[in-house]
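>>> I need the structure of the sequence given here:
(chains A and B)
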Amino acid sequence: MALKTQLFQYHEKHGHMFEFAGFQMPLWYEGIVTECLAVRNGVGVFDISHMGRIFISGPDAEKFLDHLTTNNVAALKPNHAQYTLICNNEGGIKDDLVVFKLEGRPYLVVCNAGNRAKDLAWISDNTRNYDVKIHETSNEVAMISIQGPKAASTVQKLTEVVLSSFTRFDCRFIKVGGQECVLSRTGYTGEDGFEVCIMNSSIDEPRQALSLWNDVLKAGGEFGIKPCGLGPRDVLRLEAGMSLYGRDITESADPLEARLDFVVKFEKGDFIGKEPMLRKRDQGVKRKRVGLKVVGKGIPRADCRILKDGKSVGTVTSGTFSPILNAGIAMGYVPSEYSNVGERLSIEVHGKSLEAEVTGFPFYDPKLYGFKRVQ
Amino acid sequence: MKAQEYDTPDGFYYTKDHEWVKVEKGICRIGITDYAQKSLHEVVFVDLPKLGRVSRTDSLGTVESVKAVSDYFAPVSGEIVEVNKTLENKPDLINKSPYGDGWIAIIRPTSLDSELTELMDSKKYSEFLRSLIEK
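Sure, this is the predicted structure:
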């Protein structure tokens, strides 16, 4: 049985539908390339209600989250959010999350769609020694994402928050388009953008979510806003060098080899998975997640073999065509000795060998694209 | 002709894998059909075949969109004498003009008369498409 989000009515009418993590979602509306370019050059809006939204409250909420996640929750300022990981007892990645510290309100944790049940069980199982309350709200709260260089101009029309002083990873409980929302300057495209949790909009009564979705489309009209599916979302996040859970990161990868150790704070005290991770760090990281850009033509796909001098050294975990680079790009794990930028490897695609070069993240020039672009 | 929203022009021969053949003065121009390009949507890459001998049903390469990869096969046996190099930089010609500027290759056929009987004309291919869509 396929699940639906609060915005299903809109997608069914306008989108090219497919199933993702059990949900009926739009793959695209007009086309993946068209929608990618709308986000890179103007603005696009995505339904991300399939993701999980869990509120965590109680006197021990901060201590509990610091035990559960790898980043430093105690260091988080009110009305600020952080990217983080939860790991299993062996130090493997259980999920990647964003934790929101909302002033005077419970913490909000946003997790991947495919991990909703797994994370909720893991979070609940680890509350034993903590005075906390867990409230799963994914079916009562919708979530949309507005991304692109024109995202701020679009969202500014719908909120009183002065967005020029609302910086990356800031978050607020505030009205957007007249609805109670959690607004944050976050996203999964590499561009400047916002994610909005729309409170009081359940799967059965999604009026408020549909209403805000339409308000955003209207507000972005002058910038050529496009509704975007999960197809462009996948291309955009890959161009930005961001991992997709279930493909690029799984429980059999640790944060060090996945190169996500910038959100692992070993100095903060004990957390789940810390000891095995420290042991791995001391032993040396044997393989690393790298970006690969095809030199010439051809599109690498997930599960293609990565070769060095004809010998298999790894597997592509994500691969696609980048419309802005007009080239095939991929992510995968290779032995550390082949992980340096500029290393020449090849990728086996449809029985042919494509030459590829190890690149840094993001794949694009950050002066031309992404939230650090020079205007 | 048309089968629902898919063009199936007269004067072409068609395969069940959605390639077309146009016979022109002893040579065959080949490509993929309107149904094939619409199923792929925005084409971003065409892996063109090498020049040389091919047999009917040999895999010649792939036509790819961001999310989908479709193999295409030789609709007739013979020798590939030319490929449409323009597709290297403008793969979207397959979407814009699948039966015209989006052609993929030219084959000098070796057993055309017998092989043409294996292919469908516009009327048969339209019926075939309708039966596919109704499934």
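
>>> who are the neighbours in contact with A:M277?
Under the criterion of CB atoms under 8 Å, 6 or more residues apart in numbering or on different chains, the contact list for A:M277 reads A:C87, A:G91, A:D254, A:P255, A:L256, A:V264, A:F266. (C-beta placed from N, C-alpha, C; glycine too.)

>>> Take those and, keeping just the buried ones, write it as a PyMOL select command.
Selecting in PyMOL just the buried members of these, where the criterion is 16 or more other CB atoms under 10 Å in any protein chain shown, is done with this command:
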select buried, chain A and resi 87+91+254+255+256+264
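
>>> What about the contacts of A:M277, which are in strands?
Filtering the contacts of A:M277 for membership in strands, criterion DSSP state E, returns A:C87.

>>> low-confidence ranges in the stretch 151-300 of chain A?
Per-residue confidence of the stretch 151-300 of chain A (counting by pLDDT under 70) places no residue in a weak region.

>>> what does it have sitting close to chain B?
Taking CB under 8 Å from any CB of the partner chain as the measure of proximity, the stretch 151-300 of chain A contacts chain B at A:G231, A:V235, A:K297, A:G298, A:I299.

>>> if we take those residues, which one ends up nearest to B:V44?
Distance ranking of those against B:V44, using CB to CB, places A:I299 first at 7.3 Å.

>>> what's the single longest strand in chain A?
Ranked by residue count, the top strand of chain A under DSSP E comes out as strand A:311-322.

>>> Tell me which residue is most central in chain A.
A:Y188 (4.4 Å; CA atoms, centre = their mean).

>>> burial count for residue 79?
Defaulting to chain A. The burial metric for A:N79, expressed as a neighbour count using other CB atoms under 10 Å in any protein chain shown, is 19.

>>> nope, chain B
The local packing of B:E79 (other CB under 10 Å) involves 14 other residues.

>>> Just to be sure, it is in a strand?
Yes - per DSSP: H, G, I helix; E, B strand; the rest coil, B:E79 lies within a strand segment.

>>> and it, what does it touch?
Each residue near B:E79 by CB under 8 Å, 6+ apart is listed here: B:L51, B:G52, B:R53, B:V54, B:I107, B:R108, B:T110.

>>> how far away is it from chain A?
According to CB to the nearest CB, to the nearest Å, B:E79 and chain A sit 21 Å apart.

>>> B:T62 too?
Separation of B:T62 from chain A (CB to the nearest CB): 6 Å.

>>> Repeat that for B:G11.
Taking CB to the nearest CB as the criterion, B:G11 is separated from chain A by 30 Å.

>>> same for the helix or strand bottoming out on mean pLDDT in chain B, what does it pack against?
The helix or strand of chain B with the poorest confidence is strand B:2-3; it has a mean of 81 (mean pLDDT, DSSP states H and E). If contacts are counted by 3 or more CB pairs under 8 Å, 6 or more residues apart in numbering or on different chains; DSSP states H and E, strand B:2-3 sits against helix B:122-134.

>>> element containing the residue in the stretch 101-250 of chain A positioned nearest to chain B, please.
The minimum distance from the stretch 101-250 of chain A to chain B, using CB to the nearest CB, falls at A:G231 (5.6 Å). Under DSSP states H and E, the secondary-structure element containing A:G231 is helix A:230-239.

>>> Chain A contacts on chain B?
Contact residues, chain B versus chain A (CB under 8 Å from any CB): B:H41, B:E42, B:V44, B:F45, B:D47, B:T62, B:E64, B:S65, B:V66, B:K67, B:V69, B:E88.

>>> follow-up on the earlier one: just name the closest of the residues of the stretch 151-300 of chain A next to chain B to A:F223, please.
Checking those one by one against A:F223 (CB to CB), the nearest turns out to be A:V235, at 20.1 Å.

>>> For stretch B:86-98, list every residue counted as buried.
B:L87, B:P91, B:D92, B:L93, B:I94, B:N95, B:P98.

>>> averaged over its residues, what pLDDT does that stretch have?
Confidence for stretch B:86-98, expressed as mean pLDDT, is 97.

>>> Residues contacting that stretch, please?
Residues outside stretch B:86-98 that contact it (CB under 8 Å, 6+ apart) are A:297, B:7, B:20, B:31-34, B:36-37, B:40-46, B:48, B:63, B:84, B:101-102, B:104.

>>> Buried only: go through these for me.
Among those, those classed as buried by neighbour count (16+ other CB under 10 Å) are A:297, B:7, B:20, B:31-34, B:36-37, B:40-46, B:48, B:63, B:84, B:102, B:104.

>>> out of these, which are inside helices?
Applying DSSP state H to the buried ones among the contacts of stretch B:86-98, the entries found in helices are B:D34, B:A36, B:Q37, B:L40.

>>> how about the third one, what does it touch?
Right, B:Q37. For B:Q37, counting by CB under 8 Å, 6+ apart, the contacting residues are B:V43, B:V63, B:I94, B:N95, B:P98, B:G102.

>>> doesn't A:F100 fall inside a helix?
No - read with three-state DSSP, A:F100 is strand and lies in no helix.

>>> Quick one, grab the pLDDT at residue 45.
Just going to use chain A. As predicted, A:V45 sits at a pLDDT of 98.

>>> Sorry, I should have been clearer: chain B.
Here the pLDDT value assigned to B:F45 is 98.

>>> Run through the stretch 1-150 of chain A and note the low-pLDDT ranges.
A:1.

>>> can you list the residues of it near chain B?
Within reach of chain B by CB under 8 Å from any CB, the stretch 1-150 of chain A has these residues: A:H16, A:L27, A:W28, A:G31, A:I32, A:V33, A:T34.

>>> contacting residues for A:G241?
A:G241 sits next to A:G190, A:G291, A:M331, A:G360, A:F361, A:P362, A:F363 when contact means CB under 8 Å, 6+ apart.

>>> That should have said A:G220, apologies.
Here A:G220 is in contact with A:G42, A:V43, A:V45, A:I146, A:K150, A:T154 (criterion: CB under 8 Å, 6+ apart).

>>> Please name the nearest non-neighbouring residue to residue 82.
You didn't pick a chain, so chain A it is. Leaving aside its sequence neighbours, A:Q82 sits nearest to A:N71 (CB to CB, 6 or more residues apart in numbering or on different chains; 5.1 Å).

>>> not what I meant, chain B
If the residues on either side of it in the chain are set aside, B:E82 comes closest to B:I106, at 4.2 Å by CB to CB, 6+ apart.

>>> same check, this time on A:S184
A:C171 (3.8 Å).

>>> hang on, isn't A:E35 packed against A:I225?
No - with contact defined as CB atoms under 8 Å, A:E35 and A:I225 do not form a contacting pair (10.5 Å).

>>> Sketch out the helices for the stretch 101-250 of chain A, chain order is fine.
In chain order, the stretch 101-250 of chain A shows helices spanning A:116-125, A:151-156, A:207-219, A:230-239, with DSSP state H, counting those that start in this stretch as the criterion.

>>> Mind putting the ones you listed into TSV with mean neighbour count?
Formatted as TSV, the helices of the stretch 101-250 of chain A follow (neighbours: other CB atoms under 10 Å in any protein chain shown):
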stretch	mean neighbour count
helix A:116-125	16
helix A:151-156	22
helix A:207-219	19
helix A:230-239	26
